[in-house]
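J.: Here's a sequence, model it:
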Amino acid sequence: MHDAVAIRSGIAQAIVNRKGAELIGWQVGANDLLWSRRPPGWNQACPLMFPSCGWSESSLVEIKGQSYPMPVHGFISMQEFDVVSISQSEVTLETSDDEFTRTMYPFRFIFRITYKIVDSRLNVDISVKNTSHGSFLPYSIGIHPGFRWPLSSARKDTWRLQFEKLESPLVPCISSEGLIQGSQRKISLHGRYLHLKESLFQNEALCFLNANSKWLSLVGEKASIRIEAPDARHWVVWSLPLQDFLALEPCTGHGDMEGRRIPFDERDYNVNLAPGEEQLFRVRFEFAQHEE
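T.: All right, here's what the predicted structure looks like:
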């Protein structure tokens, strides 16, 4: 843990790893809210996504006529970050392009993230700046928090998702390679609520593309976690069989469409920053306990 930093406010604490600037712990009182990264399951807790969200076909992207490798959700989780400022309740970390990133993504950038904890609320502000002199910076961005599910109950099916607004019950099917297919499947939304059960994720993640909602809440009998993401376009909800977590992922981009490889710098959902420009992606987590 020597590469991690902790911030605190009241009874709450958050722990951030310098590798990937990943949030690896968030506690409010006795409530440990993030997935513990236990083997042999998912080995992350809250990775960041940049400059791509989701899977690219064959793990490759085409940029200006040349092919480059692109890991799932990009490469930012592999980067070492520098701590540029820290106080008791707030920390800012930063990384930038280097020889390694330019083997996958031939652009210059600065990626900065600030975590600020205020009691039961955790604010995340991510900024991306184009430091090139002559080219636009195309990217998509997101965050991939995995929350403990169930949190305070032994039964997963006592939990539900609440959406800010009504969403379509039709979600795209996902291929075994993680690509978005043209076919859809129907899930049982009840108004703004989705009752949770493991079988929802037997055929991969639920992708709510071009979603109406700017926040989601994971709601149980005794507690809830709300995520606000005003800059997101899509929400992805994902879990693994027999793993006690649920990932709720706000993002601006998504995985490739099966059979339709589009050059990376022509993806219509990309942010395209002009030289010298900077753009913010904001996320807010909030934990609440319910009255008995």
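
J.: Any regions of this structure where pLDDT drops low?
T.: By pLDDT under 70, the low-scoring segments of the chain are 1-2, 291-292.

J.: Going along the chain, name the helices of it.
T.: In the chain, the helices defined using DSSP state H lie at 99-102.

J.: Pull out the buried positions in the lengthiest strand in it.
T.: Ranked by number of residues, the top strand in the chain under DSSP state E is strand 278-289. Neighbour counts over strand 278-289 (16 or more other CB atoms under 10 Å) mark 279, 281, 283, 284, 285, 286, 287 as buried. In short, each C-beta sits where N, CA and C put it, glycine included.

J.: With adjacent residues omitted, what lies nearest to the fourth one?
T.: Nearest residue to residue 284, sequence neighbours excluded (CB to CB, 6 or more residues apart in numbering): residue 228, at 4.1 Å.

J.: what about the one you found, how many neighbours?
T.: By the criterion of other CB atoms under 10 Å, residue 228 has 19 neighbours.

J.: what about residue 133, how many neighbours?
T.: With other CB under 10 Å as criterion, residue 133 counts 8.

J.: next one: residue 195
T.: Neighbour number of residue 195 under other CB under 10 Å is 14.

J.: Name the residues of stretch 228-242 that come out as buried.
T.: For stretch 228-242, a neighbour-count test (16+ other CB under 10 Å) marks 228, 229, 231, 232, 233, 234, 235, 236, 237, 238, 239 as buried.

J.: Then stretch 25-42?
T.: So, applying 16+ other CB under 10 Å, buried residues of stretch 25-42: 25, 26, 27, 28, 31, 33, 34, 35, 37, 41, 42.

J.: Among those, which lie within strands?
T.: 25, 26, 27, 28, 31.

J.: Just put the residues you listed in TSV and tack on distance to residue 86.
T.: Shown next, in TSV, are these (distance: CB to CB, whole Å):
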residue	distance to residue 86
25	16
26	17
27	18
28	20
31	24
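
J.: Return the member of those nearest to residue 118.
T.: residue 28 (11.2 Å; CB to CB).

J.: Quick check: beta-bridge partners of that closest one?
T.: residue 12, residue 31 (DSSP bridges).

J.: Tell me how far residue 75 lies from residue 68.
T.: 10 Å (CB to CB, to the nearest Å).

J.: Find residues that contact each of those two.
T.: 104, 105 (CB atoms under 8 Å, 6 or more residues apart in numbering).

J.: quick one on the thing from earlier: any idea how far the residue nearest to residue 284 is from residue 24?
T.: Computed as CB to CB, the residue 228 to residue 24 distance reads 21 Å.

J.: what do you get for residue 31?
T.: From residue 31 to residue 24 the distance is 16 Å (CB to CB).

J.: And residue 198, by the same measure?
T.: In terms of CB to CB, residue 198 sits 24 Å off from residue 24.

J.: now residue 179
T.: 29 Å.

J.: Show me the strands in the stretch 1-150 of the chain, by range?
T.: 4-9, 12-17, 23-28, 31-32, 48-49, 60-63, 66-69, 82-86, 90-96, 109-118, 121-130, 137-139, 142-143, 146-148 (DSSP state E, counting those that start in this stretch).

J.: hey, what's residue 146 bridged with?
T.: residue 247.

J.: Please look at it and residue 42 and confirm they touch.
T.: Yes. With contact defined as CB atoms under 8 Å, residue 146 counts as touching residue 42 (6.5 Å).
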